[in-house]
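*Asks:* Next comes the sequence, and after it the predicted model I'd like to discuss.
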Amino acid sequence: KLNWFVCLFFSRLIFGTLYPAYYSYKAVKSKDIKEYVKWMMYWIIFALFTTAETFTDIFLCWFPFYYELKIAFVAWLLSPYTKGSSLLYRKFVHPTLSSKEKEIDDCLVQAKDRSYDALVHFGKRGLNVAATAAVMAASK
């Protein structure tokens, strides 16, 4: 069972990540806009897939052929015949993101502002703790 899992893991790593990364590099190198768009759609879909599988792995890992189906899905995404990533992007992702873009941008701006405020707040607290510790150590 472990050998099969390792085999699936490496095939996903090679075909889901390294192969597309190399061809993305080739697209950048050739400056072929059509290839840029193709690989950008793939990476967007692959990022969503990777995010989703974080949760689905917990609940569906017992499902027969679950890992094999994931490998087949990645192959389908990559296939120049099926153009799976392009299909999913154009049918689902682009329309959804286009309709929700303003809300997503607003949430990201708020998250950025809040994270900056939190960083400043915790930075000040950290400096206060360090200063107190230094004074305590110096007084001993």
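*Replies:* Nice, thanks for sending it over. Numbering: from 1, shown residues only.

*Asks:* Pop the domain breakdown of this structure in here.
*Replies:* According to the TED database, the chain comprises the domains 1-82, 94-139.

*Asks:* Put together a markdown table for these, with mean pLDDT, distance to residue 88 and mean neighbour count on each row.
*Replies:* In this view, the C-beta of every residue, glycine as well, is placed from N, C-alpha and C. Converted to a markdown table, those look like this (pLDDT from 0 to 100; distance: least, Cβ to Cβ, whole Å; neighbours: other Cβ atoms under 10 Å):
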| stretch | mean pLDDT | distance to residue 88 | mean neighbour count |
| --- | --- | --- | --- |
| domain 1-82 | 86 | 5 | 13 |
| domain 94-139 | 87 | 9 | 10 |
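
*Asks:* Tell me who's in contact with the spatially most central residue of the chain.
*Replies:* Closest residue to the average C-alpha location of the chain: residue 47 at 3.6 Å, with Cα atoms, centre = their mean. Counting by Cβ atoms under 8 Å, 6 or more residues apart in numbering, residue 47 makes contact with nothing.
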